[in-house]
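**Student:** no FASTA, just this:
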């Protein structure tokens, strides 16, 4: 293998990039280079499920992006993304949810019938073993559940929702225990673990970490190489076949813009030569805006608020080290409800998450409590991301434009009212004392919206900035993931979703990357 020339160059070793590297190299015919800005995923905190809280508090394995919130004067927002092998799959909340089959109609309408559920279901089944621990990604449920978690599910059923029991049912209308990409030994199972670890035995794959991609190089509208930076040194890698951007919703459009593909006015203002003018690069940004309501509880045993400091934390760490069980082996969210805002809808458009702890002032509440979080699953509000400089690493301009669409405002209000309805059902109400004052004062529609604006948090599920579509008038890539207007470069990550496909994105993008890899191989 030449040290600087490869058949395929994969930019980003996150959920999509890990899959892409694995599948493109599987037949042994092609050489693959993977370029990852972060470092290797060696910390035990990346393996212990509850360790992600400490990971997100630091800068070693996450990138931080400042966000412009014109709708809020008090909420200074920062978006976090995984910066290590496995990307955000190595630092996220591990919730495993498939998209609803009908929602893939948006993808097939944009890219062709080869993206519909009939074509995609085999990839999901291979990926998660039909929602079991027998797939490429093992999917499990927490073993030790709190009684108050079951009370939340029972209350949701009393409120009129069906009871969901299987992992593959989650996302349909109903309520049930969540499932997670946590293996039977209590360890996070990231995309890196599933798809990159097996590559150690393949001499046709090279993974470079701690390297930043500056831009793509073109000759006559054909991508030929990737220009990178490492410790101040410029490095160029040549692609003999294709370059696949898997850098994520926030980084892939920035790389394209620095490469001369994007809004012409933006590129010209930064003195970047225009390779192909496409105003859609960086547009169509969609993100979830979450709002959690805290409730105090009667029994201290129903809350984890005191489990993560002092002696309780030490006991939990020892328990995890010995048994791989206990709170440290769990995700922060334990159960969910999926709700239709109107009876006319085919699928739920609101998600409610239950967590056995409550927070205040950026920490756990001093009194025992739980939290119930709600948000619209399919946001219609769209924002944008744009580079602020031709220099890689410069903070981009991110405008999420939350709640600018009337449907998002209506669904956000409905989510809060549904949470309160669940909390009043007898099976849960008997365990609660009261809603915490931070949210209790918001009762009118406008007060609830103001609460979302000033206290809402991002879901870290941003999509859409390199959206799939038929032509460059409304999109960035075509149905075979090729970028409009240029050759030999594709995008495969959450940025290609024309609409949000699911309430969480990890399972969706891994299955889509599996399908995309097959498409790329078909095209060779």
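**Tutor:** All right, it came through fine. All figures in this text were calculated on a predicted structure; none of them were measured in a lab.

**Student:** for residue 289, grab the count of nearby residues.
**Tutor:** Around residue 289 there are 21 other residues, counting by other Cβ atoms under 10 Å. C-betas here are computed from N, CA, C, even on glycine.

**Student:** again with residue 203
**Tutor:** Using other Cβ under 10 Å, residue 203 is surrounded by 11 other residues.

**Student:** tell me which element residue 78 falls in.
**Tutor:** Residue 78 is part of strand 77-82 when elements are defined by DSSP states H and E.

**Student:** distance between that strand and the chain's centre?
**Tutor:** Relative to the centre of its chain, strand 77-82 is centred 11 Å away, using Cα atoms, centre = their mean, to the nearest Å.

**Student:** can you offset everything so residue one is 242?
**Tutor:** Understood, numbering begins at 242; the last thing we discussed is strand 318-323.

**Student:** who does it pair up with?
**Tutor:** Strand pairing for strand 318-323, using DSSP bridges, gives strand 303-308 (antiparallel).

**Student:** what pLDDT, on average, does the partner strand get?
**Tutor:** Per-residue pLDDT over strand 303-308 has a mean of 96.

**Student:** and stretch 283-300, which residues are buried?
**Tutor:** Of all the residues in stretch 283-300, those buried under the rule 16 or more other Cβ atoms under 10 Å are 284, 286, 287, 288, 289, 290, 291, 292, 293, 296, 297.

**Student:** and if you look at stretch 400-413?
**Tutor:** Buried positions in stretch 400-413, judged by neighbour count with 16+ other Cβ under 10 Å: 400, 402, 405, 408, 409, 410, 411, 412.

**Student:** would you confirm that the fourth one contacts residue 373?
**Tutor:** Same thing as residue 408. Yes: Residue 408 lies in contact with residue 373 (Cβ atoms under 8 Å); the separation is 7.4 Å.

**Student:** need the overlap of contacts for the two.
**Tutor:** residue 380 (Cβ atoms under 8 Å, 6 or more residues apart in numbering).

**Student:** the helices in this structure, which residues?
**Tutor:** 256-266, 293-298, 345-352, 358-369, 388-399, 432, 493-499, 505-510, 551-564, 647-665, 667-670, 678-681, 686-696, 747-763 (DSSP state H).

**Student:** deepest-packed of those helices, please.
**Tutor:** Ranked by mean neighbour count under mean count of other Cβ atoms under 10 Å, these are led by helix 432, which reaches a mean of 31.

**Student:** quick check: phi and psi on residue 511?
**Tutor:** When quoted as degrees, to the nearest 10, the phi and psi of residue 511 stand at phi -110, psi 10.

**Student:** same question, the one 4 residues further on
**Tutor:** For residue 515, the backbone dihedrals are phi -80, psi 120 (criterion: degrees, to the nearest 10).

**Student:** can you give me the pLDDT of the nearest residue to residue 537 once chain neighbours are set aside?
**Tutor:** Residue nearest to residue 537 in three dimensions, not counting chain neighbours: residue 674, with 4.2 Å by Cβ to Cβ, 6 or more residues apart in numbering. Listed pLDDT for residue 674 reads 97.

**Student:** now do the contacts for residue 674.
**Tutor:** Residues near residue 674 by Cβ under 8 Å, 6+ apart: 536, 537, 538, 539.

**Student:** at 10 Å what do you get?
**Tutor:** By Cβ atoms under 10 Å, 6 or more residues apart in numbering, the residues touching residue 674 are 536, 537, 538, 539, 608, 609, 610.

**Student:** ok, now residue 356?
**Tutor:** 345, 346, 347, 348, 349, 350, 709, 720, 753, 756, 757, 760.

**Student:** got it, and residue 523?
**Tutor:** Contacts of residue 523 (Cβ under 10 Å, 6+ apart): 490-491, 493-495, 497-498, 503-504, 507, 624-628, 637-639, 705-707, 717, 736.

**Student:** circling back to that earlier point, are any of the contacts of residue 674 buried, and which?
**Tutor:** Applying 16+ other Cβ under 10 Å to these flags 536, 537, 538, 608, 609, 610 as buried.

**Student:** of all those residues, which comes closest to residue 512?
**Tutor:** Of all the buried ones among the contacts of residue 674, residue 610 has the smallest distance to residue 512: 53.5 Å, by Cβ to Cβ.

**Student:** okay, now the unreliable bits of this protein?
**Tutor:** Applying pLDDT under 70 to the chain picks out residues 242-243, 313-316.

**Student:** what sits against the residue nearest to the spatial centre of it?
**Tutor:** In the chain, the centroid-proximal residue (Cα atoms, centre = their mean) is residue 702; its distance is 3.9 Å. Shown in contact with residue 702 (Cβ under 10 Å, 6+ apart): 329, 333, 490, 527-529, 531, 616, 618, 620, 735, 738, 741-747, 749.

**Student:** how about it, phi and psi?
**Tutor:** When read as degrees, to the nearest 10, the backbone of residue 702 gives phi -120, psi 30.

**Student:** quick check: it vs residue 386, distance?
**Tutor:** Shown here: residue 702 relative to residue 386, a distance of 25 Å by Cβ to Cβ, to the nearest Å.

**Student:** before we move on, what about residue 446?
**Tutor:** Distance, residue 446 to residue 386, using Cβ to Cβ: 40 Å.

**Student:** name all residues that make contact with residue 440.
**Tutor:** Contacts of residue 440 (Cβ under 10 Å, 6+ apart): 259, 262, 263, 266, 267, 273, 275, 433, 446, 447, 448.

**Student:** again, only this time at 7 Å
**Tutor:** Applying Cβ atoms under 7 Å, 6 or more residues apart in numbering to residue 440 gives the contacts 262, 263, 266, 446.

**Student:** related to what we said a few turns ago, between the buried residues of stretch 400-413, which sits nearest residue 654?
**Tutor:** Each of the buried residues of stretch 400-413 was checked against residue 654 using Cβ to Cβ; the closest is residue 400, at 17.0 Å.

**Student:** contact partners for that closest one?
**Tutor:** Residue 400 makes contacts with 662, 663, 666, as judged by Cβ under 7 Å, 6+ apart.

**Student:** alright, that wraps it up for me.
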